[in-house]
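In: Provide a 3D model corresponding to the input given below.
(one chain, ligands or ions: 2)
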Amino acid sequence: MQVTQASSKILQGELVVFPTETVYGIGALMSNAAAVQKIFDVKGRPSKNPLIVHIADFEQLDELVRGVSPSAKKLMKAFWPGPLTICFQKSKNVPDIVTAGLPTVCVRMPDHELARQLLREVGEPIAAPSANLSGRPSTTTFEDAKRQLAQKGVHFLDGGSTPLGIESTVVDCSGEIVRLLRPGAISQMQIEEVLGESLLDESTGEKISSPGQLLEHYAPQGHLTVLFGPRQQRREWMSQHGDEAALGYVGSLPEGSSHIRTYQLCEDENDVETYAARLYECLNWCDLINAKNIVLELPSREHPLLPALINRLEKASRGEIVHLH
Ligand code: TXA
Ligand code: MG
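Out: Ligands and ions are numbered 1, 2, ... in the order given. Purely as a prediction, here's the structure:
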């Protein structure tokens, strides 16, 4: 499907799966509550989990929010268009279904040519969560998005692989203090540098402010174990356990590996960007080959993307990250 066709589908109240720089999204015209309801139906998404509103330009923001704090202004200037989602007090123009009844709305301006063309042609904001069934891995390729959402009566824009492969960072600028709601493609440190102050991290621990963070998420169908720690310890663990599991590995294949089905996440142990870009493709591959048991290596190198990867993999493995020392 071409962008022009996709934009008329959106304007008619239909759903379109489209690429962004992070992951594929499934979008509906934000102002059309019935269309937005279809997103929840198609994904099987709990109605209490609000959606991100995507915009083409800064003018579109004014209609959506009740005000823009100085911190939000700094962040928009530094990171938009790009993988940063900002939470504001919402205006009455945002239907309640989009925000799951919350008084706030999360907005982002994607940095992806096809997404931007689509948003420009539609000429109005698009509400879009990640293009996957609720609870399942996000999708970073056209094929994976199609596989998860086939026969749902939605339309697809093919943008190949999405470059970053991990969702946007979500920060709350709706109150006095800026809070991190979900770690993502832009690191906490990058944000703190721009703000000149530290962020309150509410993405972990007791007080989770983003409804989506509470739910089971990103999980493949099989049982997933994640190995986190130095390479040698990971390989020792593998030689003792994990036979016959599908293996997502880093660097070279483990010696004497009995794993028949393997997926290389990155060639170089230090290449965490590539790891992030391939992670969801790997998890979707596990489902494609119907893997019952999955072992995934996670490089332990200090890296700004690591908190986001650990956040996703903790949920995907239902807490089964093995910390090796
Ligand atoms: O990179 C991305 O952000 C992708 C692409 C498609 O833009 N979208 C995405 O959407 O990851 P989704 O729906 O999978 O995740 C949105 C997260 C959820 O955890 C949701 O709870 C949170 O943002 N969220 C949305 N609106 C919120 C609000 N008003 N207050 C707090 N959290 C909110
Ligand atoms: Mg999602």
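In: show me the strands in the stretch 1-150 of the chain, by range?
Out: With strands called from DSSP state E, counting those that start in this stretch, the stretch 1-150 of the chain shows them at 16-18, 25-29, 52-54, 84-89, 104-108, 126-127.
In: for G25, grab the count of nearby residues.
Out: A count of nearby residues for G25, using other C-beta atoms under 10 Å, gives 32. (C-beta placed from N, C-alpha, C; glycine too.)
In: can you check L75 too?
Out: Number of residues near L75 (other C-beta under 10 Å) recorded here: 24.
In: go on, R120?
Out: As a burial measure, R120 scores 12 neighbours (other C-beta under 10 Å).
In: just T140 next, same as before
Out: Neighbour count for T140, taken as other C-beta under 10 Å: 30.
In: quick one: contacts for it?
Out: Residues near T140 by C-beta atoms under 8 Å, 6 or more residues apart in numbering: 23-24, 161-162, 165, 277-278, 280-281.
In: have a look at this structure and report its longest helix.
Out: Selection of the longest helix in the chain by residue count, based on DSSP state H, yields helix 272-288.
In: turn the contacts of T140 into JSON lines, columns for pLDDT and neighbour count.
Out: Output for the contacts of T140, formatted as JSON lines (pLDDT from 0 to 100; neighbours: other C-beta atoms under 10 Å):
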{"residue": "V23", "pLDDT": "98", "neighbour count": "26"}
{"residue": "Y24", "pLDDT": "98", "neighbour count": "30"}
{"residue": "S161", "pLDDT": "98", "neighbour count": "15"}
{"residue": "T162", "pLDDT": "98", "neighbour count": "25"}
{"residue": "G165", "pLDDT": "98", "neighbour count": "24"}
{"residue": "A277", "pLDDT": "98", "neighbour count": "20"}
{"residue": "R278", "pLDDT": "98", "neighbour count": "20"}
{"residue": "Y280", "pLDDT": "98", "neighbour count": "28"}
{"residue": "E281", "pLDDT": "98", "neighbour count": "22"}
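In: for G13, state which of those residues is nearest.
Out: Here the nearest of the contacts of T140 to G13, counting by C-beta to C-beta, is Y24; it sits at 20.2 Å.
In: surely that closest one meets E143?
Out: No: counting by C-beta atoms under 8 Å, Y24 stays clear of E143, with 10.4 Å between them.
In: for stretch 89-96, measure first residue to last.
Out: Stretch 89-96 has an end-to-end distance of 13 Å (criterion: C-alpha to C-alpha, to the nearest Å).
In: contacts for that stretch, please.
Out: Contact with stretch 89-96 is made by 30-31, 33, 36, 53, 63-67, 99, 102-105, 174, as judged by C-beta under 8 Å, 6+ apart.
In: swap the cut-off to 7 Å and go again
Out: Residues outside stretch 89-96 that contact it (C-beta atoms under 7 Å, 6 or more residues apart in numbering) are 30-31, 33, 36, 53, 63-67, 99, 103-105, 174.
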